[in-house]
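**Student:** here is my input; please provide its structure:
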Amino acid sequence: MPSIANMLGLIEHVDSPYITVHQDRCALVRNRHADCLRCAGVCTSGCIRYDEQAEQLIVSPELCIGCGTCATVCPTCCLEAHHPNDTEMIERCRTAAQATGGTVTIACSSFLTQAAGLYDADKVVRVECLGRVEESVLTLLQAEGAKTVLVHGMCAECEHACGWAMLQNVLDTEKALLAAWGQPMNVRVAGKLPQATRRAENESFDKAKRQAFEESGKDATRVGGALASFAACEVTGEQFSPQKTKSYVKVMADGTLPHFLPDRRERLLDALATFGDPDDVMIDTRLWGHVIIDTEKCQSCRMCAVFCPTGALRKFGEDEGPDSEFGVEHYPGDCVKCRSCEKICPAGAITISEEVFAREMFAGATDAYFMKPVPVKRGQAHTIWKLQQTLCNTDQVYER
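**Tutor:** Numbering: from 1, shown residues only. Predicted coordinates:
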């Protein structure tokens, strides 16, 4: 049987039941020269850190409150919220819209705790913090004809005020997007619940408590699974590892690390598509960036494409001599503005423009940056290039 001391120590290794960490998507895990860590910057409880020795992003379960603010700010969706998850949140929003005739009310946990017994749980979407709300959900609700009310408590005085600041950033982005598509913004922030969410006098069962019990059950299941795996490893003598990814990532055929485009990005673009084409304007948001490469400074190593998490930067051609055409193609629509390329570039040849053309981004326009052949001398760029060729032609893996 596993020892009590070991079981108690497991809390240091089990992921938070509220957040799943997809290590292979994290910009910093993929390359230690990146310096993202936006998640730690907005974490409302200080539960997130990067372990340099293990080269992993760590979420301390004993500190995590499940607000989901980190998942909102993460550009690559390496952090996946479960309190609720995106699918559950969308379904609850749709249920609320149907129950109220088109109004979706999302409220923070502290406010709803004070309003216990006064509202119908089917008409209000409960989140731990409004920092959990992000643009793809708001845009989807607007595309479906709903009006959204975000109800908050005393956010300025709340110890988790980072979530409130994150919400303001999200609302600024949502306003800019809807303006580019010529849409009014059917989202408002309120300090009290709308009348339509009030609980009927004859309602005999507290649905809010039932929802809380259901969520607690799902969280317990996630922790229970980890505990069971740990106990089994104690019996068999195998090493327990709760991480879902290894500390290395297999290089793809083109010499780049695997790409992942967040579902939220696709959901947002699909919702915007229902409004037609955007105006021919530039938008400045937290979600998109335009990569600009100074080909005069560029060393042609194409490390930017190697480590780009979404494939917004992709290689074309190969360096095969003075007359060869090769370089990097940039897809602004897939760029999540993680700034990995900017930080990783050894020559400082990359800058990120905060503004993108809405119409070009939405239409999938690309930029091609042609690069100079690598000098014959065994310089840094040539060494990196040869390393890529070796990795691509063998079954090896790239280790950071």
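
**Student:** next one: residue 111 from residue 118, what distance?
**Tutor:** 11 Å (C-beta to C-beta, to the nearest Å). To be clear about C-beta, it is placed using only N, CA and C from the backbone, and glycine gets the same treatment.

**Student:** quick one, which of the two is more surrounded?
**Tutor:** residue 111 (20 against 12; other C-beta atoms under 10 Å).

**Student:** would you agree that one is in contact with residue 158?
**Tutor:** No: counting by C-beta atoms under 8 Å, residue 111 stays clear of residue 158, with 10.0 Å between them.

**Student:** quick one, helices of the stretch 301-400 of the chain?
**Tutor:** For the stretch 301-400 of the chain, the helices defined by DSSP state H, counting those that start in this stretch occupy 303-307, 340-344, 358-363, 380-392.

**Student:** which residues are in contact with the third one?
**Tutor:** Spelled out, that is helix 358-363. 180-181, 269, 272-273, 277-283, 288, 332-333 (C-beta atoms under 8 Å, 6 or more residues apart in numbering).

**Student:** ok, now which ones touch the most centrally placed residue in the chain?
**Tutor:** Geometric centre of the chain, nearest residue: residue 77, 2.4 Å, by C-alpha atoms, centre = their mean. Contacts for residue 77 were tallied using C-beta under 8 Å, 6+ apart; they are 22, 25, 71, 260, 262-264.

**Student:** selection in PyMOL covering whichever of those residues are buried, please.
**Tutor:** The buried residues among the contacts of residue 77 can be selected in PyMOL (16 or more other C-beta atoms under 10 Å) with this line:
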select buried, resi 22+25+71+260+262+264
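
**Student:** redo the contacts of residue 77 as CSV? Include pLDDT and secondary structure.
**Tutor:** Below are the contacts of residue 77 laid out as CSV (pLDDT from 0 to 100; DSSP: H, G, I helix; E, B strand; the rest coil):
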residue, pLDDT, secondary structure
22, 95, coil
25, 94, helix
71, 97, helix
260, 93, coil
262, 93, coil
263, 94, helix
264, 95, helix
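
**Student:** looking at the contacts of residue 77, which is nearest residue 43?
**Tutor:** residue 71 (10.7 Å; C-beta to C-beta).

**Student:** who does the residue lying closest to the closest one once chain neighbours are set aside bridge with?
**Tutor:** Spatial nearest neighbour of residue 71, excluding adjacent residues (C-beta to C-beta, 6 or more residues apart in numbering): residue 81 at 3.9 Å. In this entry, residue 81 is beta-bridged to residue 19, by DSSP bridges.

**Student:** tell me if I'm right that residue 81 and residue 74 touch.
**Tutor:** No: under the criterion of C-beta under 8 Å, residue 81 makes no contact with residue 74, lying 9.6 Å away.

**Student:** give me the neighbour count for the closest residue to residue 31 other than its chain neighbours.
**Tutor:** Leaving aside its sequence neighbours, residue 31 sits nearest to residue 307 (C-beta to C-beta, 6+ apart; 4.8 Å). The number of residues packed near residue 307 is 22, by other C-beta under 10 Å.

**Student:** repeat for residue 324
**Tutor:** Quick note: residue 324 (other C-beta under 10 Å) scores 11 neighbours.
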